[in-house]
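1. the following comprises the amino acid sequence and a computationally predicted model.
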There are 2 protein chains.
Amino acid sequence: MSCMAEPLVECVPNFSEGRRPEVIAAIRDAVAAVEGVRVLDTHADAAHNRFVLTYVVPESSAVASGLAAARAAVQHIDLRTHQGVHPRIGALDVFPFVPLGDLPMARCVALAGALGQVIAAELGIPVYLYEEAARRPDRANLENIRKGGFEALRDVLPGAPERQPDLGPAAVHPTAGAVAVGARRPLIAFNVYLGSPDVDAAKAIARIVRHSSGGLRYVKALGLEIPGTGSTQVSMNLTNYRASSIVTVMDMIRAEAARRGVPVLRSEVVGLMPLDAVLDAARAFLQLREFSPDQVLERRLWQG
Amino acid sequence: MSCMAEPLVECVPNFSEGRRPEVIAAIRDAVAAVEGVRVLDTHADAAHNRFVLTYVVPESSAVASGLAAARAAVQHIDLRTHQGVHPRIGALDVFPFVPLGDLPMARCVALAGALGQVIAAELGIPVYLYEEAARRPDRANLENIRKGGFEALRDVLPGAPERQPDLGPAAVHPTAGAVAVGARRPLIAFNVYLGSPDVDAAKAIARIVRHSSGGLRYVKALGLEIPGTGSTQVSMNLTNYRASSIVTVMDMIRAEAARRGVPVLRSEVVGLMPLDAVLDAARAFLQLREFSPDQVLERRLWQG
């Protein structure tokens, strides 16, 4: 059979346009026209004047899809007249590659470097490599790259050594600015509901599981009231579910809730969850020592 | 995608060889060489001395692939010297056709009859038609066909009218025995390992969960020794995982094992598991009240 398994990459480019539907559609269509691209979501925000495109693409077409995204942004967006409350440095502002399935992060770092090179060479746009793809430690954090936005970068770039791009010219593109290209883990938005009106218990549990106050390295968490329900919520982002597993998170919350006499009512995943995280939870429940994603019947039929 | 143009059948032949990798590879390769075959999984078990091949094939090549499987088994396996803890009557022991997509069960029943005819005619092996393909009510249940294994069948077959095959000679093939060919719904082969040498506990738990002795309607189970490991196994087939859930099975086994002071060491899924069953287990662990298959990131791709 002709269908061959190929590693897949999720791409979540952010564009500096959230108000003109025809521009959003044109950019989306330009990306969708690249072979193998499947668009999962388009989310526009008028106040931010920004839209986020979510799509998946085979690794072999990932760089081509990114160049199509950058080219369409240059064609349709002029940062000299762009206004919005969200910080941005480029028409195509941020382009992260996210590995799916077994694809190693190193391959997405390589894709980020390759896309950065073609954007710099073909379009004359300065490129900053961020997060897992960062080549300088201070650029792991996107906020450092985006400081002051397009306008500040335009003014300071020629004369500021610490702001020089990783790839491309030492001056912003006149209308398209600059772009941050990177690689990061998929994120899971995971909320656990507690059967008690006591928000202090939810806040205490959030403090125990989250990285910032001594908990799991790749967990962000808040304890929230859910008004009128008599329940509270531990609201989380799992930013690296392989290193800080949803299974560990759930075990910790169950233990801490039990210690406080608070029942765990239920949980929810907001949006999407990678299959690997689903499998982690299934393996935990069934005590499966070995269970490969390849053993999911439908995955073999459709991807293989 | 072009690979879904023709109706597909899943085939899950079980062979009486689980120890010699070169034999397993030779049989797998013989099947894989048939046009249109896509091998999904090979799972060998040394204690059972048995391997399970899982593949999909277009309906038009399904009978040819089954004959290739039977021919390779005859060539490489000699039941006179085969030993293993799992009951078996043949070198190729069981060959089920499983309909995928919208393919009606009746078409898989027809495939079973056609494969039985060619195996009987070409290889001189007696064929029993089982489950949905059974032509006698008592043969809907595979255990009735396999009673006493190869050795008993060899001795009683010539003189026992009730054991006569549906197709082929009234005597086992001297080295390859007999074969059960059938058609069935997708099943999950699920084994739970218990940390005790006491096989009576495993047998007692198997009796409690399985349908035939009062347990869950769509569960078959055996308690087996795993020689030399100090552990035992509850070896199961879940023949309708929607009605008799793997979550319920696991809960029952944990409760029964705990009552007997026997630890549950781990579990395994032999071959493939439908995504819906994986999600049932993940929902149970995470207490997800609502989690749709559409929320599995990669699944959007499998669906074309």
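-> Nice, I can see it. Please read all numbers here as calculations on a predicted model, not as lab measurements.

2. can I assume A:Phe285 is in contact with B:Val247?
-> Yes. Assessed by Cβ atoms under 8 Å, A:Phe285 is found in contact with B:Val247 at 7.1 Å. Bear in mind the C-beta positions are built from the backbone N, C-alpha and C, glycine included.

3. between those two, which has more neighbouring residues?
-> A direct count of neighbours by other Cβ atoms under 10 Å in any protein chain shown for A:Phe285 and B:Val247 places A:Phe285 higher, at 22 against 19.

4. can you tell me the SS state at that one?
-> helix (DSSP: H, G, I helix; E, B strand; the rest coil).

5. I'd like the distance between it and B:Val270.
-> 18 Å (Cβ to Cβ, to the nearest Å).

6. that's a strand at A:Ala110, yeah?
-> No. Counting by three-state DSSP, A:Ala110 is not found in a strand; it is helix.

7. that one: neighbour count?
-> 16.

8. look up how far A:Gly182 lies from it.
-> 12 Å.

9. then A:Ala189?
-> 20 Å.

10. please say which of those two ends up with more neighbours.
-> Neighbour comparison, A:Ala189 and A:Gly182: the larger count goes to A:Gly182, with 25 against 15 (by other Cβ under 10 Å).

11. can you give me the neighbour number for the closest residue to that one other than its chain neighbours?
-> Among residues not flanking A:Gly182 along the chain, A:Tyr130 sits closest, at 3.8 Å (Cβ to Cβ, 6 or more residues apart in numbering or on different chains). Neighbour count for A:Tyr130, taken as other Cβ under 10 Å: 27.

12. list the contacts of A:Tyr130.
-> A:94, A:139-142, A:145, A:180-182 (Cβ atoms under 8 Å, 6 or more residues apart in numbering or on different chains).

13. and A:Val262, by the same measure?
-> A:194-196, A:198, A:201.

14. out of those residues, grab the one that's most surrounded.
-> So for these (other Cβ under 10 Å), the most neighbours sit at A:Leu194, 25 neighbours.

15. these two touch, right, A:Thr105 and A:Ala183?
-> Thr isn't right for residue A:105; it's Met. Yes. Counting by Cβ under 8 Å, A:Met105 touches A:Ala183, with 6.3 Å between them.

16. which parts of chain A are strands?
-> Secondary structure of chain A (DSSP state E): strands at A:8-11, A:14-15, A:38-45, A:50-58, A:92-99, A:127-131, A:179-183, A:188-194, A:219-226, A:231-238, A:264-270.

17. shaky segments in the stretch 51-200 of chain A?
-> Low-confidence segments of the stretch 51-200 of chain A, defined by pLDDT under 70, are absent.

18. near chain B, which residues of it?
-> Within reach of chain B by Cβ under 8 Å from any Cβ of the partner chain, the stretch 51-200 of chain A has these residues: A:56, A:100-101, A:186, A:192.

19. just the residues you listed now: which is nearest A:Asp294?
-> Using Cβ to Cβ, A:Gly101 comes nearest to A:Asp294 of those, at 9.8 Å.

20. surely that closest one meets A:Leu279?
-> No. Between A:Gly101 and A:Leu279 there is no contact under Cβ under 8 Å: 10.7 Å.

21. anything in contact with each of these two?
-> A:Pro293.

22. more neighbours, those two?
-> A:Leu279 (20 against 17).

23. my read is that that one contacts B:Val278, right?
-> Yes. Judged on Cβ under 8 Å, A:Leu279 makes contact with B:Val278 at a distance of 6.6 Å.

24. residues contacting A:Arg139?
-> So A:Arg139 contacts A:128-130, A:145, A:166 (Cβ under 8 Å, 6+ apart).

25. same thing but at 6 Å, please
-> A:130, A:145 (Cβ atoms under 6 Å, 6 or more residues apart in numbering or on different chains).

26. would you quantify the distance from it to A:Leu53?
-> 23 Å.

27. with A:Ala176 instead?
-> To A:Leu53, A:Ala176 is 17 Å away according to Cβ to Cβ.

28. and these two? Which one has more around it.
-> The residue with more neighbours, out of A:Ala176 and A:Leu53, is A:Ala176; 28 against 24, by other Cβ under 10 Å.

29. show me where the stretch 101-250 of chain A has its helices.
-> A:105-123, A:142-146, A:149-156, A:199-209, A:246-259 (DSSP state H, counting those that start in this stretch).

30. and the residue of the stretch 101-250 of chain A that's closest to chain B?
-> A:Met250 (5.7 Å; Cβ to the nearest Cβ).

31. what about the closest residue to that residue other than its chain neighbours, neighbour count?
-> Of all residues not flanking A:Met250 in the chain, B:Leu286 sits nearest, at 5.7 Å (Cβ to Cβ, 6+ apart). Neighbourhood size, B:Leu286 [other Cβ under 10 Å]: 28.

32. cool, the one 4 residues further on as well?
-> Residue neighbour count, defined by other Cβ under 10 Å, stands at 10 for B:Glu290.

33. which non-adjacent residue is nearest it?
-> A:Glu268 (6.9 Å).

34. what's opposite the one you found in the beta bridge?
-> For A:Glu268, the beta-bridge partners are A:Asn191 (DSSP bridges).
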